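Colleague: this one's sequence-less:
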């Protein structure tokens, strides 16, 4: 029993020395999602429309000027078909990004640039996240923003990012859509700092 307590104390002390250099942030953001290169079919011309975006991110600032970010995003878009009403569609994304800050950890205002990889899962009308019938595409993203610390634990963040991925073949056409889908995110949010 004494050996187990000593082991716990040793592990806690060892982890504390490593963890002291890290600052974790959790954020929730909302804004717009603009789609470029969104043509899914030319005859008839079927496109994806702009919509809104929600983003949830966890950032680990492991060095004074660098960090790592893991996130989930939901974008709502519309499928635009000529001669009929628009049909809503959801895009779920997961990402990893590397962040480089212009100011060191502890600064009140921290501009940053970021880049990384992501997947985007497209859920056409009539499908559900529970049945696994989405179309998933992988890609990369890049952008920048600024974080502003208001108090010891609360802050704000503003992001502009572009997600580059393959176009989803959600129409079951004989030929998959060509080109790349560019999704531009402009969001603002609240940050909780640990």
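Modeller: Here it is on my side, so go on. Treat the numbers as computed from the prediction; the structure is a model and nothing was measured.
Colleague: Mind listing what's buried along stretch 150-163?
Modeller: By 16 or more other CB atoms under 10 Å, the buried positions in stretch 150-163 come out as 155, 157-159, 161, 163. C-beta here means a position set from N, CA and C on the backbone, and glycine is covered the same way.
Colleague: now do stretch 163-179
Modeller: Neighbour counts over stretch 163-179 (16+ other CB under 10 Å) mark 163-170, 177 as buried.
Colleague: Also stretch 56-71?
Modeller: Counting neighbours by 16+ other CB under 10 Å, stretch 56-71 gives 57, 59, 61, 67-69, 71 as buried.
Colleague: wait, residue 135 sits on residue 171?
Modeller: No - if you go by CB atoms under 8 Å, residue 135 and residue 171 don't touch, sitting 10.1 Å apart.
Colleague: how about the closest residue to residue 105 other than its chain neighbours, phi and psi?
Modeller: Distances taken as CB to CB, 6 or more residues apart in numbering put residue 64 closest to residue 105, at 4.9 Å, once the chain neighbours are dropped. Main-chain torsions, residue 64, degrees, to the nearest 10: phi -60, psi -40.
Colleague: Touching, residue 64 and residue 103? I think so.
Modeller: No - in terms of CB under 8 Å, residue 64 does not count as a neighbour of residue 103; the distance is 9.2 Å.
Colleague: What ranges does the chain have for its helices?
Modeller: 2-19 (DSSP state H).
Colleague: which intervals of it have sub-threshold pLDDT?
Modeller: Applying pLDDT under 70 to the chain flags the ranges 1-22, 129, 172-176.
Colleague: who touches residue 36 in this structure?
Modeller: 181-184 (CB atoms under 8 Å, 6 or more residues apart in numbering).
Colleague: Please name the bridge partners of it.
Modeller: residue 182 (DSSP bridges).
Colleague: measure it to residue 183 for me?
Modeller: Distance, residue 36 to residue 183, by CB to CB, to the nearest Å: 8 Å.
Colleague: circling back to that earlier point, report the buried members of the contacts of residue 36.
Modeller: Among those, the ones that count as buried by 16+ other CB under 10 Å are 181, 183-184.
Colleague: Mind putting the residues you listed into TSV with distance to residue 149?
Modeller: Converted to TSV, the buried ones among the contacts of residue 36 look like this (distance: CB to CB, whole Å):
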residue	distance to residue 149
181	35
183	29
184	26
